[in-house]
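Participant: Here is the input, now give the coordinates:
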Amino acid sequence: GSARAAQLHGLPAVPFHEPFDEFFEGMPKEERDNMRNAYRTLREGPAGNYQLTYRVQLEDGTSRYLESRARLYRDDQGAPLRMAGTLLDITDQVEREQRLSASEEKFAKAFHSSPDAISITERDTGRYVEVNDGFCRLTGYRAEEAIGLTLYQIGIWADENQRAALLA
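Facilitator: Residues are numbered from 1 along each chain as shown. Just a heads-up that it's a prediction; the model follows:
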């Protein structure tokens, strides 16, 4: 591995030419096993490319998420000759996705557990995209019946001009 690859794995930033196990020592066992299986599949299989995302545990207790993309080159007899690829630190991207997922989960819990009638509609058409139980109790519609209808079809706004004024 290159000096940068070693550094991303929490090792000294010098080229790494030691055994596989030492390079991936900072990975949780399950992820290390997944990496071994990916390399084995690459080495033994017909495909020459692979992509794998994995987590490395650093000495300070933090984790780093890495994405490895590589191509295996073979000699004329088909034996593995060398492997070349890239290793990207995607920690920021993974953490952003985790925060977004947690935020979406919180929103969904608040939306669905509220006793108040809450709905999400398309701005231009007034078509229901999502409704909660409070909405269903208020209108008498089941969620699967309401979703796809417009608020005019359900009769929430008797006068379209009132809604237009609210949106304006």
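Participant: quick one: the helices in the chain?
Facilitator: Secondary structure of the chain (DSSP state H): helices at 3-8, 20-23, 29-44, 91-113, 133-139, 143-146, 151-154, 160-167.
Participant: could I get the ones you listed as a markdown table with mean pLDDT?
Facilitator: Shown next, in a markdown table, are the helices of the chain (pLDDT from 0 to 100):
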| stretch | mean pLDDT |
| --- | --- |
| helix 3-8 | 90 |
| helix 20-23 | 72 |
| helix 29-44 | 83 |
| helix 91-113 | 95 |
| helix 133-139 | 94 |
| helix 143-146 | 96 |
| helix 151-154 | 89 |
| helix 160-167 | 85 |
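Participant: which parts of stretch 53-65 are buried?
Facilitator: For stretch 53-65, the neighbour count (16 or more other CB atoms under 10 Å) marks 54, 56, 64-65 as buried. Every residue, glycine included, has its C-beta placed from N, CA and C.
Participant: Name the residues that touch that stretch?
Facilitator: For stretch 53-65, contacts defined as CB atoms under 8 Å, 6 or more residues apart in numbering pick out 8-10, 24, 26-28, 31, 34-35, 66-68, 89-91, 93-95.
Participant: pLDDT of it, averaged?
Facilitator: The pLDDT scores in stretch 53-65 average 89.
Participant: Make 671 the first number, not 1, from now on.
Facilitator: OK, 671 is where the count begins now, so the last one is stretch 723-735.
Participant: centre of the chain versus that stretch, how much separation?
Facilitator: Relative to its chain's centre, stretch 723-735 lies at 17 Å (CA atoms, centre = their mean, to the nearest Å).
Participant: So for it, first residue to last residue, what's the gap.
Facilitator: 7 Å (CA to CA, to the nearest Å).
Participant: Can you report how many residues neighbour residue 744?
Facilitator: Counted with other CB atoms under 10 Å, the neighbours of residue 744 add up to 12.
Participant: for residue 750, same thing?
Facilitator: Neighbours of residue 750 (other CB under 10 Å): 14.
Participant: Was I right to think it contacts residue 744?
Facilitator: Yes: using CB atoms under 8 Å, residue 750 is in contact with residue 744, at 5.9 Å.
Participant: ok so, going back, which one, of the helices of the chain, ends up nearest to residue 792?
Facilitator: Checking the helices of the chain against residue 792 by CB to CB gives helix 821-824 as the closest, at 9.9 Å.
Participant: Between which two of the buried residues of stretch 723-735 is the distance greatest?
Facilitator: Among the buried residues of stretch 723-735, 724 and 734 lie farthest apart (CB to CB), at 9.6 Å.
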